[in-house]
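Colleague: give me coordinates for this.
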Amino acid sequence: MKYYFKILLLSVGIGCVNLFIFFSLLQFQIVHNSSYVPKEFFPFILILIAVPIQFLILLLVAHLSKRNEPALIITSFLFIVTCTLLLWFTSAEERTTYNNEQVYNTTEKYDYQQGISTPEGYPVKLLSNSRFGISVKGDRNSVTLLETNKVYSINWGNGDTTFKSSMDGGVAVPDALSLYWYSYLEDKYYGLNTQLDRDKISENFKNGFKRDIKGTLTSSDAINAKYNSLIAGIAPGGDVVLWISGGSDTKELEVFKANELNRSQLKDYDIVTEDARQKVLKDTCTCEDRPQFRKIVHNDQPIPFGIWSHKYRKKFNWKVSINNFGQSKSALNFYYFNGERNTMFNEDLINFKFQERVLPDFIKFVFTKDQKKYKAFIEFEEDKLFNAFEKLTENNPNKPAEIVLNINSDLKQAKIQLKSKDQILELKNLQNVKISLN
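Modeller: This next block holds a predicted model:
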């Protein structure tokens, strides 16, 4: 009887060793625990059930080997090895997920959304499999999605951002971009698969930008705000621009060129019918007599291919100068043709220097005078502004040029000039200036 009890203890010992191995691997396995009974519970039960079975097998081995001790030791060792191998191979998926989770947990993550932008009046339909690619993936990571099967028609640089699950906070920085879309005006399909400069994106998310939430117009009182959007801009001809954006600041990061796709390369449900195309092209809002309130404003007109990737991104050496009309503090909000935006505070304006910049589409000049805050809105006419800069710099592309803003002390009149060392161009018909109380 004593001998049988020893074999029972040996079986229990084997079970204990197997349980120890199981618990050692458990850290890899506990990654899916959404059910009422975690699936890790079943291997635990099987190891316990195996104890009496191992006892019976050891009894059989003892009987056949005439109680040969080495035979029992070898059999016990085989039980442990078999259990270890089964646990190892059946947890391969969980170990991979666990390792991914460890890498993801140590990866920089930020709270941001992703979005799509198009030039005003050039709608596109985003097709399936369009996404920002993240090579580092966690099992419970937040998810952002580019919404497909909808018509995007937004102002250039302003993104139509999409839902982000904030269950686990931030999202890892993407390192790839896949975009597939249909251009309604061109009646063409495009595709882009490219790597992104992950380090550059991460650096901008980390550094952020200055934002004046107190309204003091000074950089010393501005907070260090964070970017909260990555926006992919889609323009006619397959031009793609990537911006990082937040609040009053948008910065261009990269520019790409997509390839035209044949219908044979597309899935059936991605193909846009002619009826669907005409429905979008004829969907014109006339609620206000302003182009930005209309979805389609360029129908039956030549498409200015390349202006978003070339003309709007061309830089000139310029700065803004403002006369002293009694203002105490001021700031400039720039909205550029290439979709970028930024703010220059009071200290920056005092030390405003010539620098190569893209041209502004719109400038908001905020200032205080007699303890009241005002806003001056300066809207430029695109072609005339570009022509003026081209004329001023035709012999010297790096020639410094000043956009000079002169405002009367009574704030009733304003004049803008484009000025160089040897030339002055009056911008009489190039802009629209409006001044109002904040």
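Colleague: in the chain, where's the longest helix?
Modeller: Using DSSP state H to assign secondary structure, the helix with the most residues in the chain is helix 2-29.
Colleague: from the chain's centre, how far out does it sit?
Modeller: If you compare the mean C-alpha spot of helix 2-29 with that of the full chain, they lie 51 Å apart, counting by CA atoms, centre = their mean, to the nearest Å.
Colleague: for the stretch 1-150 of the chain, which segments are assigned as strands?
Modeller: Taking DSSP state E, counting those that start in this stretch as the criterion, the stretch 1-150 of the chain carries its strands at 109-110, 113-117, 124-126, 131-133.
Colleague: okay, helices next: where are they in the stretch 51-200 of the chain?
Modeller: Using DSSP state H, counting those that start in this stretch, the helices of the stretch 51-200 of the chain run over 69-90, 92-105, 198-207.
Colleague: tell me which of the ones you listed sits nearest to Leu427.
Modeller: Distances from Leu427 to each of the helices of the stretch 51-200 of the chain were compared using CB to CB; the minimum, 33.4 Å, belongs to helix 198-207. No exception for glycine: its C-beta is placed from N, CA and C like everyone else's.
Colleague: now the closest one: buried residues?
Modeller: Buried residues in helix 198-207, counting neighbours by 16 or more other CB atoms under 10 Å, are found at Arg198, Ile201, Ser202, Asn204, Phe205.
Colleague: and the second one, how far is that from Thr106?
Modeller: Just to be clear, that refers to Ile201. From Ile201 over to Thr106 the distance is 18 Å, taken as CB to CB, to the nearest Å.
Colleague: coming back round to it: now render the helices of the stretch 51-200 of the chain as CSV, adding mean pLDDT.
Modeller: Written out in CSV, the entries for these read as follows (pLDDT from 0 to 100):
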stretch, mean pLDDT
helix 69-90, 85
helix 92-105, 74
helix 198-207, 95
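Colleague: residues contacting Val255?
Modeller: Taking CB atoms under 8 Å, 6 or more residues apart in numbering as the definition of contact, the neighbours of Val255 are Asp239, Val240, Val241, Leu242, Ser309, Arg313.
Colleague: quick check: bridge partners of it?
Modeller: With DSSP bridges as the criterion, the beta-bridge partners of Val255 are Val241.
Colleague: mind checking how far it is from Ser24?
Modeller: Separation of Val255 from Ser24 (CB to CB) stands at 51 Å.
Colleague: kindly report the same for Lys257.
Modeller: For Lys257, the distance to Ser24 equals 52 Å [CB to CB].
Colleague: just give the nearest non-adjacent residue to the residue positioned nearest the centre of the chain, would you?
Modeller: Within the chain, the residue whose C-alpha comes closest to the C-alpha centroid is Leu230; the distance, by CA atoms, centre = their mean, is 2.8 Å. The shortest distance from Leu230 to any residue other than its chain neighbours is 5.2 Å, reached at Gln114 (CB to CB, 6 or more residues apart in numbering).
Colleague: go ahead and confirm that neighbour touches Ser130.
Modeller: No. In terms of CB atoms under 8 Å, Gln114 does not count as a neighbour of Ser130; the distance is 10.1 Å.
Colleague: any shared contact partners between these two?
Modeller: Common neighbours of Gln114 and Ser130, using CB under 8 Å, 6+ apart, are Leu146.
Colleague: just checking, Phe362 is part of a helix?
Modeller: No. Counting by DSSP: H, G, I helix; E, B strand; the rest coil, one finds Phe362 to be strand, located in no helix.
Colleague: who are the neighbours in contact with the nearest residue to it once chain neighbours are set aside?
Modeller: Nearest residue to Phe362, sequence neighbours excluded (CB to CB, 6+ apart): Tyr335, at 4.1 Å. Neighbouring residues of Tyr335 by CB under 8 Å, 6+ apart: Arg341, Pro360, Asp361, Phe362, Ile363, Lys364.
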